[in-house]
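Student: One predicted model, sequence on top.
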Amino acid sequence: MKRTVLGCLPYLNVRPLIRSIERDVPPGYELIYTVPSDLARRLENGTCDIAAVSSFEALRSTGLVIVPGISIATDGPVTSVMLFSNAPFGQIRRVALDTSSLTGAALTRVILADVYGNAPEFVRADPSPDAMLQQADACLLIGNNAMTIAPDTPFVLDLGEAWKSLTGLPFVFAVWAARRSAVDERDVRILLDARSAGLREIDAITAETAPEMGLPESVVRAYLSEIMVYDLGERELAGLSEYLRRCQAHGLLPPEARAELFHPAVSSQNRQP
């Protein structure tokens, strides 16, 4: 049987996608957990076969395909990818970026440029708000950090909400991506079934994670069931394409970058007998 290393993210919004897989690991699967940037590196060097990675990393990495039908997205406010600033957004001179993901970092550059006409300096930093704001006017926090250790600043920008206001489209923060030679129809079905199971188990996931995060159950439940979008349909793909276009326009992604979906027939033709 084929061995598949599945890379998972340690974030609340990923729980509905992996809970059932964790509970009953499919034969041949091995699960690993790390941040999106590390999972992207593992996909590229072959130590991981399929992984939940940030959209930016899936778009810029060659040889990867996106698993169809599944994403981690929002169609409006996200509450977990947030820019905290001591200066008005058009006057920010330096932004400290959470080092764990490039999608939010690139989105911050796009929003500040296209909405506020601002091109500040960006520096990478560990996600410690106090330290970040000592070296910069603003800081970007993502995932659980944005929800649990948010600093008290006079200006706060929800990047999902800002994107929806700018484009009218959903924003796709992460996808399942795979090395083209490593994914097959069984993998896609396992991941789709896991998403369906997870969406039926939001109450259980809420009960498990809310105490760990120190957040009210009502906040966690609303985040998973009302804010997050786990589809990758036409509108989500349109949002992903618009993100690609804007990143290319700002020189953040190369002209050859593209969103390539996995197609079983094409994969089968490319596979060696």
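Tutor: Received the coordinates, thanks. Computed from a prediction, not measured in an experiment: that's the story for all the values here. Numbering: from 1, shown residues only.

Student: longest strand anywhere in the chain?
Tutor: strand 64-74 (DSSP state E).

Student: and the closest residue to Leu240 other than its chain neighbours, what does it touch?
Tutor: Once flanking residues are discounted, Leu240 sits nearest to Val172: 4.5 Å by CB to CB, 6 or more residues apart in numbering. C-betas here are computed from N, CA, C, even on glycine. The contact partners of Val172, taken as CB atoms under 8 Å, 6 or more residues apart in numbering, are 55, 71-73, 232, 236, 239-240, 243.

Student: between the helix or strand hosting Val172 and strand 64-74, how big is the angle?
Tutor: Using DSSP states H and E, the element containing Val172 is strand 171-179. With axes from the mean of the first three to the mean of the last three CA atoms, to 10 degrees defining the directions, strand 171-179 sits at 150 degrees from strand 64-74.

Student: when you give positions from now on, start the count at 774
Tutor: Fine by me, first position is 774 from now on; the one you just mentioned is strand 944-952.

Student: what does the average pLDDT come to for strand 944-952?
Tutor: Averaging pLDDT along strand 944-952 yields 95.

Student: One more: stretch 841-860?
Tutor: 96.

Student: closest to Arg788 among the contacts of Val945?
Tutor: Ile845 (10.6 Å; CB to CB).

Student: Could you confirm Thr820 falls within a helix?
Tutor: No. The assignment for Thr820, made by DSSP: H, G, I helix; E, B strand; the rest coil, is coil rather than a helix.

Student: do you know how far it is from Glu1007?
Tutor: Going from Thr820 to Glu1007 by CB to CB, to the nearest Å gives 34 Å.

Student: Between these two, which has more neighbouring residues?
Tutor: With neighbours defined as other CB atoms under 10 Å, Thr820 and Glu1007 compare such that Thr820 has more, 12 against 8.

Student: wait, Ser827 sits on Ala950?
Tutor: No. Contact criterion CB atoms under 8 Å: Ser827 and Ala950 do not qualify, at 9.4 Å.

Student: Mutual contacts of the two, please.
Tutor: By CB under 8 Å, 6+ apart, the residues touching both Ser827 and Ala950 are Ala813.

Student: Point out the other elements, helices or strands, that the longest strand of the chain touches.
Tutor: Packing partners of strand 837-847 (3 or more CB pairs under 8 Å, 6 or more residues apart in numbering; DSSP states H and E): strand 944-952, helix 958-973, strand 1001-1005, helix 1007-1022.

Student: tell me the most buried of those?
Tutor: Mean neighbour count (mean count of other CB atoms under 10 Å) peaks for strand 944-952 among these, with a mean of 28.

Student: Tell me which strands that strand pairs with, and in which orientation.
Tutor: Applying DSSP bridges, strand 944-952 is found paired with strand 823-827 (antiparallel), strand 837-847 (antiparallel).

Student: Now those strands in a markdown table, please, with extra columns for distance to Asn918.
Tutor: Below are the strands paired with strand 944-952 laid out as a markdown table (distance: least, CB to CB, whole Å):
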| stretch | distance to Asn918 |
| --- | --- |
| strand 823-827 | 15 |
| strand 837-847 | 16 |
